[in-house]
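# okay, predicted coordinates and the sequence, questions at the end:
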Amino acid sequence: MRDLATDADKRKLFANLADYLSLLVSEVERIIAARKTDAP
């Protein structure tokens, strides 16, 4: 989506959103992995 945006502000917005979502996914994956190792 970022590459399809023509406005510079929208490109930056989508790039920031992509960075945030990547971080969010990484955190969720980390928590899931930690719970799997903690489970009996």
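Arrived safely, thanks for sending.
# in this structure, where is pLDDT below threshold?
For the chain, the stretches flagged by pLDDT under 70 are 1-3, 39-40.
# the helices in it, which residues?
Secondary structure of the chain (DSSP state H): helices located at 8-38.
# do you know how far Lys36 is from Arg30?
As judged by CB to CB, to the nearest Å, Lys36 and Arg30 stand 11 Å apart. Just so you know, the C-beta spots here come from the backbone N, C-alpha and C atoms, and that holds for glycine as well.
# got any residues that touch both of these two?
Residues touching both Lys36 and Arg30 by CB atoms under 8 Å, 6 or more residues apart in numbering: none at all.
# now Asp38: how far from Ile32?
Asp38 sits 11 Å away from Ile32, going by CB to CB.
# same question for Arg11.
Applying CB to CB to Arg11 and Ile32 gives a distance of 32 Å.
# who's more crowded, the two?
Under the criterion of other CB atoms under 10 Å, the comparison of Arg11 against Ile32 puts Arg11 first, with 15 against 9.
# wait, isn't the more buried one in contact with Leu17?
No - the pair Arg11 / Leu17 is not scored as a contact, 10.8 Å apart, by CB atoms under 8 Å.
# chain center to stretch 5-18: distance?
Mean C-alpha position of stretch 5-18 versus that of the full chain (CA atoms, centre = their mean, to the nearest Å) differs by 15 Å.
# with stretch 33-40 instead?
That offset, for stretch 33-40, works out to 23 Å (CA atoms, centre = their mean).
# kindly report the same for stretch 14-30.
Offset of stretch 14-30 from its chain centre (CA atoms, centre = their mean): 1 Å.
# and if you look at stretch 30-40?
That offset, for stretch 30-40, works out to 20 Å (CA atoms, centre = their mean).
# what lies in contact with stretch 27-37?
Contacts of stretch 27-37 (CB under 8 Å, 6+ apart): none.
# next, Asp7: phi, psi?
phi -80, psi 130 (degrees, to the nearest 10).
# I'd like to know how far it sits from Leu13.
From Asp7 to Leu13 the distance is 9 Å (CB to CB).
# and what of Glu29?
Counting by CB to CB - Glu29 and Leu13 are separated by 25 Å.
# okay, those two: which has more neighbours?
Using other CB under 10 Å, the more surrounded residue of Glu29 and Leu13 is Leu13, with 14 against 10.
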